[in-house]
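J.: Need a 3D model of the following:
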Amino acid sequence: MCRESKKLTEYVITRTGLERIISRCIPTVTRSIYLDDRYYCLTLEDWNPIFWKVVTGLPKYLAERFDCDDFAFVVSYRITERYGLNGCRVALGNTPMGYHAYNLFITGSGELFYLEPQTLEVSPVSVNTLGYITDTIIM
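T.: Got it, this is the predicted structure:
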């Protein structure tokens with residue numbers, strides 16, 4: 001795990017709690033895979049600098065070789081590898097750009113957010129300014 005100068009306060013959400021939040025907030029999900037029993041997450045304020053750090057040095061978009069699903073998985077894995085957090089994973093669904101992979105993350109207060117890993121745009125699921133219609137999540 002990465003040593004940060006600021007001590008990050010981690011929050012834990014159980015799998016059952018996360019399932020309830022997702023089913024309530026994203027009713028369009030028809031396929032879900034939960035890989036852990038506990039999900040470790042941060043406040044939105046603490047998540048944001050981590051996103052900037054994990055996308056630094058990512059390859060440029062290259063269709064079929066390093067595209068949306070690769071961005072989403074690498075961001076998720078880097079966060080787990082560097083920070084020991086598994087509260088940011090992968091989601092898929094229809095978007096204004098077509099079918100797409102992106103990240104879904106949860107904060108310590110139980111709020112869900114979308115993260116577009118290619119542009120670092122963040123949107124609360126409740127507002128969904130990105131226009132994502134999620135049908136699949138891998139948490």
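J.: quick one: residue 46 is in a helix?
T.: Yes. The assignment for residue 46 by DSSP: H, G, I helix; E, B strand; the rest coil puts it in a helix.
J.: nearest residue to it other than its sequence neighbours?
T.: In this structure, residue 46 finds its nearest non-sequential neighbour in residue 8, 5.2 Å apart by Cβ to Cβ, 6 or more residues apart in numbering. Yep, even glycine has a C-beta here, placed from its N, CA and C like the rest.
J.: residues in contact with that neighbour?
T.: 42, 46, 83 (Cβ atoms under 8 Å, 6 or more residues apart in numbering).
J.: again with residue 124
T.: 111-114.
J.: Next, format the residues you listed as JSON lines and append pLDDT and distance to residue 120.
T.: Formatted as JSON lines, the contacts of residue 124 follow (pLDDT from 0 to 100; distance: Cβ to Cβ, whole Å):
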{"residue": "111", "pLDDT": "98", "distance to residue 120": "18"}
{"residue": "112", "pLDDT": "98", "distance to residue 120": "17"}
{"residue": "113", "pLDDT": "98", "distance to residue 120": "12"}
{"residue": "114", "pLDDT": "98", "distance to residue 120": "11"}
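J.: In a strand, residue 60, correct?
T.: No. Under three-state DSSP, residue 60 falls outside any strand and is assigned coil.
J.: Let me know the secondary structure of the closest residue in space to residue 42 that isn't next to it in sequence.
T.: Setting aside the residues directly before and after it, residue 42 is nearest to residue 8 in space (Cβ to Cβ, 6+ apart), at 5.8 Å. Secondary structure for residue 8, judged by three-state DSSP, is coil.
J.: Against residue 83, how distant is residue 8?
T.: Look at residue 8 and residue 83: by Cβ to Cβ, to the nearest Å, they are 8 Å apart.
J.: same deal with residue 69?
T.: Noted for residue 69: a distance of 22 Å to residue 83, by Cβ to Cβ.
J.: what about the two, which has more around it?
T.: Each of residue 69 and residue 83 has its neighbours counted (other Cβ atoms under 10 Å); residue 83 has more, 22 against 13.
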